[in-house]
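Trainee: Curious how this folds, go ahead:
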Amino acid sequence: MVQISGSVGVVGLGEMGGAIASRLISQGVHVLGVDTNLDAGRFDSPYFTRADSIATVSTQCEFILVIVHTDDQVRDVVLGDGGLAESAQPGTTVVVHSTVDPATCAALAPELLARRLGLLDAGMSRGRGSMRDGSLTLFVGGQSDVVQRTHPLFEVYSDNVVHAGPVGHGMVLKLCNNLLLHTNRLATLEVAHIAAAAGVEREPLLQGVRSSTGTSWVVENWGDKDEKTSGGGLGEHPLTHRTTREVDLALQMAGRLGVALPATTATGQHLTDILTRGLAAHTGAKARDEAGEDARRRNSEVIEEFRAQGGRLTGSRASSQLLLLTTMGARTGLLRTSPMTYLPEGDHIFVFATNGGSTKHPAWYRNILANPKVIVELGDEPFAALATEMPENLRAQIYARQVARRPEFADYADQSCRAVPVIRLQRNGN
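Mentor: As a prediction, this is how the structure comes out:
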């Protein structure tokens with residue numbers, strides 16, 4: 001048994017949190033766990049105690065692992081009412097294992113340091129073995145002394161601890177790793193598609209590639225999910241949501257850094273739909289019409305959630321910065337609402353008629369040319385506004401600033417083969 005003094009706190013006992021807790025318990029480490037959805041009978045061991053609150057964990061544990069789903073949840077666990085920062089003892093180390101924006105971890109670090117608490121961000125990636133046996137890679141960001149102090153604990157459930165640099169760098173490395181995973185999954189699905197179209201059966205394809213220069217984790221672990229994705233898709237599945245969120249996080253990070261990622265942008269545009277509906281449907285003859293219907297359905301879901309949550313989204317869309325724009329149909333006179341990314345600059349709000357890189361302008365753009373009076377919903381505040389198209393000299397400058405912020409907009413412009421209109425939304429009265 002491993003000698004770790006005291007209890008290790010685990011906040012979030014889902015798939016990954018539960019696997020880490022189980023590994024710790026199996027090695028004789030006492031776990032004090034908290035999760036609102038926890039089935040208490042799941043950890044039937046004298047080495048596990050269920051905590052009734054985060055505060056209970058923070059007062060009793062020197063090391064606390066945070067393994068929740070979203071950036072907002074991480075912030076709430078650490079800095080929210082009853083969170084770790086309120087009651088943790090000086091010298092406590094908080095380890096964020098959740099896959100979040102590196103900027104979220106970087107912003108938490110000084111808050112915890114002021115309370116004499118340590119913070120590490122430790123992105124996770126499954127190894128070639130089983131997590132039950134401690135096969136797990138950790139990409140760790142944080143001060144060297146805090147990493148060294150936590151290393152004996154990491155070694156209980158990880159066989160590969162990589163110190164990437166200061167706080168935030170662990171998540172940077174995690175997102176880089178997952179970009180390779182997701183772009184490779186898309187490429188591998190396409191390779192399977194073209195091989196099948198040429199009459200090559202799956203087994204010789206996999207056997208040949210696995211022993212050659214084109215091999216990868218996806219190829220080596222090709223299984224039922226991949227076969228389903230090649231056919232009719234996975235539908236609503238955790239893999240789909242996780243992939244979408246991780247690609248979005250990487251693109252947002254790239255936007256802040258001013259780095260263009262064309263392959264990642266293409267992965268974001270195609271992989272979610274392929275995972276959901278299957279490669280055949282995505283590339284088939286009816287794909288365009290079905291994709292349009294799916295886009296309308298997704299827009300309706302976003303609009304409904306946006307309004308119900310006061311302008312905030314959850315799940316894979318939690319980190320998206322969106323507004324709702326309502327225009328009057330140029331032909332029908334009916335009100336049409338569209339969710340879209342925006343660029344705030346002082347009192348100005350700019351939106352972009354990219355239409356996802358289509359060669360055609362979006363319907364909402366044609367609507368505002370006919371009637372520039374619109375309704376904007378930003379957060380939980382709707383307001384009337386006037387939509388004005390920017391002249392070319394300003395359009396190019398503003399669009400360039402958006403590309404620096406979100407590099408995928410460069411790909412939209414290239415794919416559309418047109419000057420993407422930039423629209424200023426000016427609140428009535430300003």
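Trainee: Any stretches of this structure with poor pLDDT?
Mentor: Applying pLDDT under 70 to the chain flags the ranges 1-3, 38-41, 127-129, 284-295, 315-319, 429-430.
Trainee: longest single strand anywhere in it?
Mentor: strand 335-345 (DSSP state E).
Trainee: Parallel or antiparallel, list what pairs with that one.
Mentor: The strands that strand 335-345 pairs with in its sheet are strand 322-328 (antiparallel), strand 348-352 (antiparallel) (by DSSP bridges).
Trainee: What are the contacting residues of the next helix or strand after the shortest one?
Mentor: Scanning forward in sequence from strand 348-352 by DSSP states H and E, the next helix or strand is helix 363-370. With CB atoms under 8 Å, 6 or more residues apart in numbering as the contact definition, helix 363-370 has outside contacts at 325, 327-330, 336, 338, 340, 353, 355, 374, 387, 389, 421, 423. In short, each C-beta sits where N, CA and C put it, glycine included.
Trainee: run the last query once more with 6 Å
Mentor: For helix 363-370, the surrounding residues in contact (CB atoms under 6 Å, 6 or more residues apart in numbering) are 327, 329-330, 338, 353, 387, 421.
Trainee: a markdown table for those residues, including distance to Ser45 and neighbour count?
Mentor: Conversion of the contacts of helix 363-370 to a markdown table gives the following (distance: CB to CB, whole Å; neighbours: other CB atoms under 10 Å):
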| residue | distance to Ser45 | neighbour count |
| --- | --- | --- |
| Thr327 | 59 | 24 |
| Gly329 | 62 | 15 |
| Ala330 | 65 | 16 |
| Ser338 | 52 | 19 |
| Ala353 | 58 | 23 |
| Ala387 | 61 | 21 |
| Pro421 | 61 | 19 |
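Trainee: re the thing from before, mind putting the strands paired with strand 335-345 in TSV, distance to Val96 included?
Mentor: Shown next, in TSV, are these (distance: least, CB to CB, whole Å):
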stretch	distance to Val96
strand 322-328	25
strand 348-352	33
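Trainee: residue ranges of the helices in the stretch 151-300 of the chain, please?
Mentor: Assigned helices in the stretch 151-300 of the chain, in chain order: 169-197, 202-210, 217-220, 224-230, 238-257, 262-277, 279-283, 287-308 (criterion: DSSP state H, counting those that start in this stretch).
Trainee: To Arg395, which of those helices lies closest?
Mentor: Using CB to CB as the measure, helix 238-257 is the one of these that comes nearest Arg395, at 19.3 Å.
Trainee: Identify the residue nearest the geometric centre of this structure.
Mentor: By CA atoms, centre = their mean, the chain has its centre lying nearest to Arg245, at 2.3 Å.
Trainee: Tell me which other helices or strands the one helix or strand Gln402 maps to touches.
Mentor: Assigned by DSSP H and E, Gln402 belongs to helix 392-405. Contact partners of helix 392-405 among helices and strands, from 3 or more CB pairs under 6 Å, 6 or more residues apart in numbering; DSSP states H and E: helix 408-416, strand 422-427.
Trainee: send the alpha carbons of the last one over as CSV?
Mentor: Looking back up the chat, that one is strand 422-427. Below are the C-alpha coordinates for strand 422-427, written out as CSV (Å, rounded to 0.1, in the frame of the first residue of the first chain):
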residue,chain,number,x,y,z
VAL,A,422,-19.1,43.3,-41.3
ILE,A,423,-22.2,44.8,-39.6
ARG,A,424,-22.2,47.3,-36.7
LEU,A,425,-25.1,47.0,-34.3
GLN,A,426,-25.7,50.3,-32.6
ARG,A,427,-28.2,50.6,-29.7
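Trainee: That one vs helix 363-370, what angle?
Mentor: 70 degrees (axes from the mean of the first three to the mean of the last three CA atoms, to 10 degrees).
Trainee: what comes up buried for strand 422-427?
Mentor: Of the residues in strand 422-427, 422-425 count as buried by neighbour count, 16 or more other CB atoms under 10 Å.
Trainee: From the rest of the structure, what touches that strand?
Mentor: In contact with strand 422-427 (CB under 6 Å, 6+ apart) are residues 348-352, 376, 383, 385-390, 395, 398-399.
Trainee: again, 8 Å this time
Mentor: By CB under 8 Å, 6+ apart, the list of residues contacting strand 422-427 reads 325, 342, 347-353, 365, 368, 374, 376, 383-390, 394-395, 398-399.
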